[in-house]
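A.B. asks: sequence below, structure please.
(one chain, ligands or ions: 2)
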Amino acid sequence: MPSVLITGATSGFGKAAAQRFAKAGWSLILTGRRVERLKALEEELSEQVPVLTLALDVRDSDAVTDAIGSLPESFLPLTCLINNAGLALAPEPAQKVALQDWHTMIDTNITGLVNVTHAALPLLLKNSEGASILNLGSVAGQWPYPGGHVYGASKAFVQQFSYNLRCDLLGTGVRVTDLAPGMAETEFTLVRTKGNQAASDALYKGTTPLQAEDIAEQLYYLATLPPHININRLEIMSVRQAWSAFAIDRDPA
Ligand SMILES: NC(=O)C1=CN([C@@H]2O[C@H](COP(=O)(O)OP(=O)(O)OC[C@H]3O[C@@H](n4cnc5c(N)ncnc54)[C@H](OP(=O)(O)O)[C@@H]3O)[C@@H](O)[C@H]2O)C=CC1
Ligand SMILES: O=CCS(=O)(=O)O
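C.D. replies: Numbers count the residues shown, from 1 in each chain. Ligands and ions are numbered 1, 2, ... in the order given. Below you'll find the model as predicted:
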């Protein structure tokens, strides 16, 4: 039975991915910080497949190394790692942002992703043919926008780290993909605005954002491609989102 380790399984893409992989009979290792949500997901899915939940903050390098380094044999070898835990904070312009918010994004989206990858690599390499590392990047890692500052930069790191991992893993059979979604309706904007439900609702109102299930379907597709195929980067947007013109600073009329 193949197994998948999903970080940030308590919400959004991670939760939908857990449900999608369970439907296909994969064993699940699910992580996140919110224990009650992990328990609820375990209750929901453990009737279908073996589920192991780990309450884990990806920023805590020692805890990540210990937890992933001591996974039960029944969940090994690992077939797929989904590095999904992440967040954006502070949609304000860079010059108005609290430094701590920048640190939190770097610690989670970069250091956390690196912590988990380092711990999981030996487990993926145990039976590497067809194994995958699926990293959640973002369109923000490729395209700049106001208020993107450190969030976009952290996702640019995810892209380049994914590509560089591919170089080192060449010959092992382990695939690596930077999956880069655009606007998707999850708790992402609620977190970004520190709990402003009205702002979150306003962003998604009157349009058709991607849904968590859309991304879960892409993750499942990537993990189950024939083992000789590696999609390096998959950028995906709602048909109702696109780029805009360059902004220009003009003198007053
Ligand atoms: N929604 C969007 O528009 C897009 C999102 N993304 C990326 O997709 C990923 C998932 O986002 P999405 O599902 O939308 O957002 P959600 O806010 O719905 O989910 C984020 C998940 O990350 C977990 N998480 C956050 N910080 C930590 C931490 N320090 N340690 C462990 N887990 C953590 C949360 O769990 P808990 O709080 O329980 O720890 C939660 O399960 C992120 O990396 C995001 O940057 C990329 C492109 C578009
Ligand atoms: O990564 C999230 C999508 S966006 O907010 O940067 O468009």
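A.B. asks: show me where the protein has strands.
C.D. replies: 3-6, 27-32, 51-55, 80-83, 132-136, 175-181, 184-185, 210-211, 233-236 (DSSP state E).
A.B. asks: any chance of these in a markdown table, plus mean neighbour count, distance to Ile106 and mean pLDDT?
C.D. replies: C-beta here means a position set from N, CA and C on the backbone, and glycine is covered the same way. As requested, the strands of the chain are exported to a markdown table (neighbours: other Cβ atoms under 10 Å; distance: least, Cβ to Cβ, whole Å; pLDDT from 0 to 100):
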| stretch | mean neighbour count | distance to Ile106 | mean pLDDT |
| --- | --- | --- | --- |
| strand 3-6 | 26 | 22 | 98 |
| strand 27-32 | 25 | 20 | 98 |
| strand 51-55 | 19 | 22 | 98 |
| strand 80-83 | 27 | 15 | 98 |
| strand 132-136 | 26 | 16 | 99 |
| strand 175-181 | 24 | 18 | 99 |
| strand 184-185 | 21 | 22 | 98 |
| strand 210-211 | 18 | 25 | 98 |
| strand 233-236 | 16 | 22 | 98 |
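A.B. asks: could you point out the longest helix of the protein?
C.D. replies: helix 149-169 (DSSP state H).
A.B. asks: report the angle between it and strand 132-136.
C.D. replies: Between the axis of helix 149-169 and that of strand 132-136 there is an angle of 170 degrees, by axes from the mean of the first three to the mean of the last three Cα atoms, to 10 degrees.
A.B. asks: helix 149-169 close to ligand 1?
C.D. replies: No - residues of helix 149-169 are not located near ligand 1 by Cβ under 6 Å from any ligand atom, the shortest gap being 6.8 Å.
A.B. asks: next, the angle from that helix to strand 175-181.
C.D. replies: Going by the same axes, to 10 degrees, helix 149-169 makes 160 degrees with strand 175-181.
A.B. asks: what about helix 149-169, near ligand 2?
C.D. replies: No - applying Cβ under 6 Å from any ligand atom, one finds helix 149-169 out of contact with ligand 2, separated by at least 6.5 Å.
A.B. asks: who in the stretch 1-150 of the chain is up against ligand 2?
C.D. replies: Close to ligand 2, as judged by Cβ under 6 Å from any ligand atom, the stretch 1-150 of the chain has residues Ser138, Val139, Ala140.
A.B. asks: can you tell me the closest non-neighbouring residue to the last one?
C.D. replies: The one in question is Ala140. Gly152 (3.9 Å; Cβ to Cβ, 6 or more residues apart in numbering).
A.B. asks: Gly141 is in contact with that neighbour, correct?
C.D. replies: Yes - assessed by Cβ atoms under 8 Å, Gly152 is found in contact with Gly141 at 6.0 Å.
A.B. asks: between these two, which is the more surrounded one?
C.D. replies: Neighbours per residue (other Cβ atoms under 10 Å) separate Gly152 from Gly141, with Gly141 holding more: 24 against 20.
A.B. asks: give me the beta-bridge partners of Leu234?
C.D. replies: Beta-bridge partners recorded for Leu234 (DSSP bridges): Leu179.
A.B. asks: so who does it touch?
C.D. replies: Thr177, Asp178, Leu179, Ala180, Gln218, Leu222 (Cβ atoms under 8 Å, 6 or more residues apart in numbering).
A.B. asks: 7 Å instead, please
C.D. replies: The neighbourhood of Leu234, defined by Cβ atoms under 7 Å, 6 or more residues apart in numbering, consists of Thr177, Leu179, Ala180, Gln218, Leu222.
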